[in-house]
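Peer 1: following is a predicted model, sequence given first.
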Number of protein chains: 2
Amino acid sequence: VNAEVITIGSELLHGIVRDTNFEMIARMLGEIGVEVAFHTTVGDDSERMGEVFRAAVHRGGAVIATGGLGPTSDDVTRKVIATVFRRRLVLDETVLDRIRARFRARGMEMPPINEGQALVPRGAKVIENERGSAPGLHFAHQQVELFFLPGVPSEAEGMLTQYVIPFLRQKAEGLQIGRRTVRTIGISESLLAERLQALEGEEPAVTFGYLAHPSGVDLHVSAASRDPNWLRGELDRVERKLIEAVGVHAYGTGRQTLSDVVGQALAGRGLRLATAESFTGGAIGVALTATPGSSRYYAGGVVAYSNEAKKELLGVGSDSLRRYGAVSAEVALEMARGARERFGADIAIASTGIAGPDGASEEKPVGLALLALAASDEEAGERHLFGGGRTEIVSRATAVALDLLRRHLGAGIAWSEPSSRS
Amino acid sequence: VNAEVITIGSELLHGIVRDTNFEMIARMLGEIGVEVAFHTTVGDDSERMGEVFRAAVHRGGAVIATGGLGPTSDDVTRKVIATVFRRRLVLDETVLDRIRARFRARGMEMPPINEGQALVPRGAKVIENERGSAPGLHFAHQQVELFFLPGVPSEAEGMLTQYVIPFLRQKAEGLQIGRRTVRTIGISESLLAERLQALEGEEPAVTFGYLAHPSGVDLHVSAASRDPNWLRGELDRVERKLIEAVGVHAYGTGRQTLSDVVGQALAGRGLRLATAESFTGGAIGVALTATPGSSRYYAGGVVAYSNEAKKELLGVGSDSLRRYGAVSAEVALEMARGARERFGADIAIASTGIAGPDGASEEKPVGLALLALAASDEEAGERHLFGGGRTEIVSRATAVALDLLRRHLGAGIAWSEPSSRS
């Protein structure tokens, strides 16, 4: 079984908005061994959409399309389906009731414009939308299975998980693609590739891929087989080899984040954490609280953007600010100490730096970051100079701060190179 | 003139690697007024590539394809061109000399495998590659102009700038596409569409598009003309009409963010802002500090995740926490008051709520958010119930908190509906 993914929306053709729906669908299909053969993007234009739908049916794989099911004038998918596949649109009273009920539950009347979302092509199955008003549609044309989902990512995700993926998994009957991800931080993509060159050569059945983020490099491996036991065994083995080769830089697998890894370690040992952030503006707190259950170990933090806030709320000394400046290792450490004390926490981490574009000097350039950690048994600090724009610098500093904490906790998946742990 | 962009490469279909070539080409074409009508991605598979090339010629716009021109076995674009367009491959001695010279310049012999890159489909024009060995190809088939470029982004970029874009600019003969965006918050996509239905009808020369984010709905309008003055005038006029119709919900245009808009208002009046965040975990601070120069008006904030932090760092009363609970309008307001006082700020905004999946009760469900504002002349609060997952709930709450501040400041681009301002 293979598939064509069609994403509908003029904004996707400007090269500015990321096509997150495609990324999500491709990953989900990969997990059940359905190969994506084609991906087509088309604007909100009836004629062009029709042309794309026709070509997809001609190509013959399953078709998953997102977008154009909303209530507004540029949402024309329903009309195009009716024309291309010669299926008259019929008002579905059950769907209409469901849409009305959604609005009622929020204390609102359904706007008349939403009535159009209850129009269903004759003979199509309605895919329920538990997260929004637009229902999905499913029917077969010339033995090609077609699925039409709304463009809102969370709504499309729900229908994929509940309906489309289970349907296609049954069709795929056997061939499976297995994928694993080993997540690393603190080592560059080229160094990583060099370190793994020999290992790659030893594993011809496995495909290797590298993906660099501001927060580190992810290592993707995949293999295909009809034998799920062989597949699992092979990928387990290669994953273990990879983790050993990467060492302390490997912090997690799959979709684990740095925040998940440190959170698990903190919760497991009953430790409380606090943060003190200057130029990261709260990004360390946001990363930590993205992990569900983080209230068990994260007490909170101070975003001390001004010098006054650093003094008043974190007890940073006026002397240190004068002598070393707000962007200094000394102040970073005092911020961490202050947060630890004020929040009554076991450990605190702190950030200060220059995100740019203003505020830089020759001595303290844009991208300079000072991270610090204060605990009862250790105080540590790191100095980094990051490239990239404002957002990227903050992302990198946030990751490094969390990694400083991870290494202090000895957390992660590495079981070699203990000597390089700080 | 419109175009289809074809990106070739199996890795692009896994949903992991970003298609930066497409993004680059789409942006370059937009700048010269060439509309991207279709974007198709296909793997390194001869049959499927052939199918895609045929469909593109049938669709009739210019075709720009990247990838598959390298020297390795999975680079099959040349062979597919030969088959689909019936053009025999001929060894081009000039090209071969150029490739040999490139290697010589680096003190290397050309590996035999690279000889294949000098094979040129009969009658095709060679596009010189100043940054690598694979030359580009250009020819017309059934009056459709086709350009084939290597997949290495820097090499493709060079050929686009030097050759493809100048060629298409001449063809486009002045037709330009103008785009405008009006950004809104606090009104649903369907209500917005209803409100603008009549206006859309009055402007047949303009295309309307709606894009919903967790933080609001963007309204995209575009038009095409050979007369840049007319285009600018028309879009100015329609943008003004839109802003009037949307009213207070219109907060900005183009790429302006809520944070930019409130930042401008705060800086303009010399006001200092502080934040107090519970379940948003620092996201309001991150949004505010994403605007360059935010240190001029943002003093900082407290992320008070625990009750102790709410009491110790923000002075929230134990009484209030007991009586109303941490997730309550009363506590949100006390948090805002506390932050205003501790940071010596003019205005403070605060958030508390349930991001889920834990911590909910019947009375206080997942998605409940309480936002508050404290200033010298006003105190305000809002209660919302948001749908979606943890990240989406936090994004929505962050946007609403900034919008509460925006409306307090009377900032934005609206000049109607002053009565609905809080």
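Peer 2: Cool, the structure landed. Numbers count the residues shown, from 1 in each chain, chains lettered A, B, ... in the order given.
Peer 1: up against chain B, what does the stretch 201-350 of chain A have?
Peer 2: The stretch 201-350 of chain A comes close to chain B at residues A:209, A:211, A:220, A:275, A:277, A:279-286, A:288-290, A:292-295, A:298-306, A:308-309, A:312-313, A:342-344, as judged by CB under 8 Å from any CB of the partner chain. C-beta: built from backbone N, CA, C; applies to glycine.
Peer 1: for the stretch 51-200 of chain A, same thing?
Peer 2: Proximity of the stretch 51-200 of chain A to chain B (CB under 8 Å from any CB) is limited to residues A:51-52, A:55, A:59, A:70-74, A:106, A:111-114, A:131-133, A:152, A:154.
Peer 1: make a PyMOL selection of the buried ones in the residues of the stretch 201-350 of chain A next to chain B.
Peer 2: In PyMOL, this line selects whichever of those come out buried by 16 or more other CB atoms under 10 Å in any protein chain shown:
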select buried, chain A and resi 211+220+275+277+279+280+281+282+283+284+285+286+288+289+290+292+294+295+298+299+300+301+302+303+304+305+306+308+309+312+313+342+343
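Peer 1: inside strands: which ones of the residues of the stretch 201-350 of chain A next to chain B?
Peer 2: Secondary structure defined by DSSP state E assigns A:Gly209, A:Leu211, A:His220, A:Thr275, A:Glu277, A:Tyr298, A:Ala299, A:Gly300, A:Gly301, A:Val302, A:Val303, A:Ala304 of those to strands.
Peer 1: any idea what the fourth one is bridged to?
Peer 2: Here A:Thr275 sits in beta bridges with A:Gly301, A:Ile349, going by DSSP bridges.
Peer 1: hang on, the earlier thing: of the residues of the stretch 51-200 of chain A next to chain B, buried ones?
Peer 2: Counted by 16+ other CB under 10 Å, these give A:51-52, A:55, A:59, A:70-74, A:111, A:113-114, A:131-133, A:152, A:154 as buried.
Peer 1: out of those residues, which sit inside helices?
Peer 2: A:Glu51, A:Val52, A:Ala55, A:Arg59, A:Ser154 (DSSP state H).
Peer 1: closest to B:Leu168 out of those residues?
Peer 2: Distance to B:Leu168, by CB to CB, is smallest for A:Glu51 among these, at 21.4 Å.
Peer 1: and the gap between the closest one and B:Gln143?
Peer 2: In this view, A:Glu51 and B:Gln143 are 18 Å apart by CB to CB, to the nearest Å.
Peer 1: in a markdown table, list the ones in helices among the buried ones among the residues of the stretch 51-200 of chain A next to chain B along with pLDDT.
Peer 2: Below are those laid out as a markdown table (pLDDT from 0 to 100):
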| residue | pLDDT |
| --- | --- |
| A:Glu51 | 96 |
| A:Val52 | 97 |
| A:Ala55 | 96 |
| A:Arg59 | 93 |
| A:Ser154 | 89 |
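Peer 1: got the contact list for A:Arg122?
Peer 2: A:Arg87, A:Arg88, A:Leu89, A:Val90 (CB atoms under 8 Å, 6 or more residues apart in numbering or on different chains).
Peer 1: by mean pLDDT, which helix or strand of chain A comes out lowest?
Peer 2: None of the helices or strands of chain A scores lower by mean pLDDT, DSSP states H and E than strand A:207-213, at a mean of 77.
Peer 1: tell me where the stretch 151-300 of chain A has strands.
Peer 2: Applying DSSP state E, counting those that start in this stretch to the stretch 151-300 of chain A gives strands spanning A:176-184, A:207-213, A:216-225, A:250-253, A:273-277, A:298-304.
Peer 1: ok, which stretches of the stretch 301-422 of chain A are strands?
Peer 2: Ranges of strands in the stretch 301-422 of chain A, per DSSP E, counting those that start in this stretch, are A:347-353, A:368-375, A:379-385.
Peer 1: run the chain-centre distance for the last one.
Peer 2: Centroid separation for strand A:379-385 versus its chain: 27 Å, with CA atoms, centre = their mean, to the nearest Å.
Peer 1: same deal with the first one?
Peer 2: For strand A:347-353, the distance between its averaged C-alpha position and the chain's averaged C-alpha position is 24 Å (CA atoms, centre = their mean).
Peer 1: how about stretch A:245-260?
Peer 2: Distance of stretch A:245-260 from its chain centroid, counting by CA atoms, centre = their mean, is 15 Å.
Peer 1: if I look at the spatially closest residue to A:Leu321 that is not a sequence neighbour, how far off is B:Ser295?
Peer 2: Using CB to CB, 6 or more residues apart in numbering or on different chains and skipping residues adjacent in sequence, the residue nearest A:Leu321 is A:Asn307, 5.5 Å away. To B:Ser295, A:Asn307 is 10 Å away according to CB to CB.
Peer 1: so what's the residue count around A:Pro357?
Peer 2: Number of residues near A:Pro357 (other CB atoms under 10 Å in any protein chain shown) recorded here: 11.
Peer 1: least reliable of the strands of the stretch 151-300 of chain A by average pLDDT, please.
Peer 2: Note on the strands of the stretch 151-300 of chain A: strand A:207-213 shows the lowest mean pLDDT, a mean of 77.
Peer 1: how about the residue sitting furthest away from the middle of chain A, what does it touch?
Peer 2: Distance from the centre of chain A peaks at A:Asp319, with 42.1 Å (CA atoms, centre = their mean). Shown in contact with A:Asp319 (CB under 8 Å, 6+ apart): no residues.
Peer 1: how near is it to A:Leu333?
Peer 2: Separation of A:Asp319 from A:Leu333 (CB to CB) stands at 14 Å.
Peer 1: go on, A:Ile187?
Peer 2: According to CB to CB, A:Ile187 and A:Leu333 sit 26 Å apart.
Peer 1: show me what the least confident helix or strand of chain A is packed against.
Peer 2: Judged by 3 or more CB pairs under 8 Å, 6 or more residues apart in numbering or on different chains; DSSP states H and E, the packing partners of strand A:207-213 are helix A:189-202, strand A:216-225.
Peer 1: packing partners of the first one?
Peer 2: The helices and strands touching helix A:189-202, judged by 3+ CB pairs under 8 Å, 6+ apart, are strand A:207-213, strand A:216-225, helix A:228-246.
Peer 1: what does it contact?
Peer 2: Contacts to helix A:189-202, defined as CB under 8 Å, 6+ apart, come from residues A:Thr184, A:Ile187, A:Phe208, A:Tyr210, A:Ala212, A:Val217, A:Leu219, A:Lys241, A:Leu242, A:Ala245, A:Val246, A:His249.
Peer 1: report the distance from it to the chain centre.
Peer 2: How far helix A:189-202 lies from its chain's middle: 25 Å, per CA atoms, centre = their mean.
Peer 1: pLDDT wise, what is the residue nearest to the spatial centre of chain A at?
Peer 2: Chain A has A:Arg255 as the residue nearest its centroid, 8.1 Å off, counting by CA atoms, centre = their mean. Looking at A:Arg255, its pLDDT is 86.
Peer 1: shaky segments in chain A?
Peer 2: A:173-174, A:414-422 (pLDDT under 70).
Peer 1: and for the residue lying closest to A:Ala223 once chain neighbours are set aside, the neighbour number?
Peer 2: In space, A:Ala223 comes closest to A:Val206 once its chain neighbours are excluded; the distance is 4.9 Å by CB to CB, 6+ apart. Using other CB under 10 Å, A:Val206 has 21 neighbouring residues.
Peer 1: phi, psi of A:Val206?
Peer 2: Backbone torsions of A:Val206, given as degrees, to the nearest 10, read phi -120, psi 140.
Peer 1: do A:Arg104 as well
Peer 2: In terms of degrees, to the nearest 10, the main-chain angles of A:Arg104 are phi -60, psi -40.
Peer 1: B:Ile32 versus that one, what's the distance?
Peer 2: From A:Arg104 over to B:Ile32 (counting by CB to CB), the distance is 50 Å.
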